[in-house]
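> No letters, just coordinates:
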């Protein structure tokens, strides 16, 4: 983004930029063909003013400066930069206003065929929706970002976004869809020498999603994963835990269910937000809210 460091305040730079912008629109400047240079100078000053506003913590001034720089931008890549800068400042004091600005930046990246940049920006939009607890729109952004990353062959990025999709679906109680996403990730990673051990965690989570539906679904899913994948076998900690949890649900024993989670050697699961949400959903159903038998 244009605009180098300056010791001047945001208000000083805004005043200079306004003066320069007014000069650029002057009759004699246009007659002499100097208007274009003056406009570029004004834009650079507005960007500097926006940066200074952020440094000072004056985010409304920063937004106003970036908007004026946007108005003077002619290239799509410059406009995308400005929209991202505007969103960055809005995030600090008016989160909902950051969404349309960042969405517009993503659209500009798409119009230029910059699919990876578009996907990265859409991930940022998804993060905003997550902070606003708007999981439906968050999922829409993640799905689009995932599609772009897949078509660009960005395997690691696509896996990262798909994992977020699965987690979001689980938190939305869309257990069948979440299970499907976890299954797909397990299938993609099970034969990768670097990633294959992570597949066991995906099968674990897929089975937990199935258990949120009912015991029959959980048993069917677990049997299928065991039969199809030698890496996922009875001696593994993940399978032992799942067997214990399914048995506790069948017996409608919430105390045993919670004790198995508390005692599992897979200690990182207890601090995992999504896994905790799944176990809480299952525990509530054991308590009689919903019959899992």
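Now that the structure is in, tell me what you want to look at. Since the model is a prediction, treat every value here as computed from it, not as a measurement.

> Please count neighbours and contacts with C-alpha atoms only from this point.
Will do.

> any weak-confidence spans in the stretch 101-250 of the chain?
Applying pLDDT under 70 to the stretch 101-250 of the chain flags no residue at all.

> top helix in this structure by residue count?
helix 35-56 (DSSP state H).

> buried residues in whichever helix or strand comes after that helix?
Heading C-terminal from helix 35-56, the first helix or strand you meet, by DSSP states H and E, is helix 59-71. For helix 59-71, burial by neighbour count (16 or more other Cα atoms under 10 Å) applies to 59-70.

> ok, so of the residues you listed, who is nearest residue 276?
Residue 276 has its nearest neighbour among those in residue 59, at 36.9 Å by Cα to Cα.

> so what's the closest one closest to, chain neighbours aside?
Of all residues not flanking residue 59 in the chain, residue 89 sits nearest, at 5.4 Å (Cα to Cα, 6 or more residues apart in numbering).

> Now do the same contact list for that neighbour.
Contacts for residue 89 (Cα atoms under 8 Å, 6 or more residues apart in numbering) come out as 54, 59-60, 62-63, 98.

> do the same with residue 208
Residues in contact with residue 208 (Cα under 8 Å, 6+ apart) are 218, 242, 278-279.

> Now do the strands in the stretch 1-150 of the chain.
Here the stretch 1-150 of the chain has no strands by DSSP state E, counting those that start in this stretch.

> At which residues are the helices of it located?
With DSSP state H, counting those that start in this stretch as the criterion, the stretch 1-150 of the chain has helices at 10-24, 27-31, 35-56, 59-71, 76-90, 95-111, 115-131, 135-151.

> tell me which residues in the fifth one are buried?
Just to be clear, that refers to helix 76-90. Counting neighbours by 16+ other Cα under 10 Å, one finds that the buried residues in helix 76-90 are 77-90.

> between the residues you listed, which is closest to residue 121?
Distance to residue 121 across the buried residues of helix 76-90 (Cα to Cα) is lowest for residue 84, with 8.5 Å.

> That closest one touches residue 100, doesn't it?
No - checked against Cα atoms under 8 Å, the pair residue 84 and residue 100 is beyond contact range at 10.1 Å.

> tell me the mean pLDDT over stretch 46-56?
Stretch 46-56 carries an average pLDDT of 97.

> Contacts only, for residue 14.
So residue 14 contacts 45-46, 49, 65 (Cα under 8 Å, 6+ apart).

> same thing with residue 161?
Taking Cα under 8 Å, 6+ apart, one finds 123, 142, 145-146 in contact with residue 161.

> Then residue 200?
186, 231-232, 238.

> Give me the distance between it and residue 159.
Computed as Cα to Cα, to the nearest Å, the residue 200 to residue 159 distance reads 15 Å.

> before we move on, back to that, show me how far the longest helix of the chain is from its chain's centre.
Between the centre of helix 35-56 and the centre of its chain there are 31 Å (Cα atoms, centre = their mean, to the nearest Å).

> Cheers, nothing more for now.
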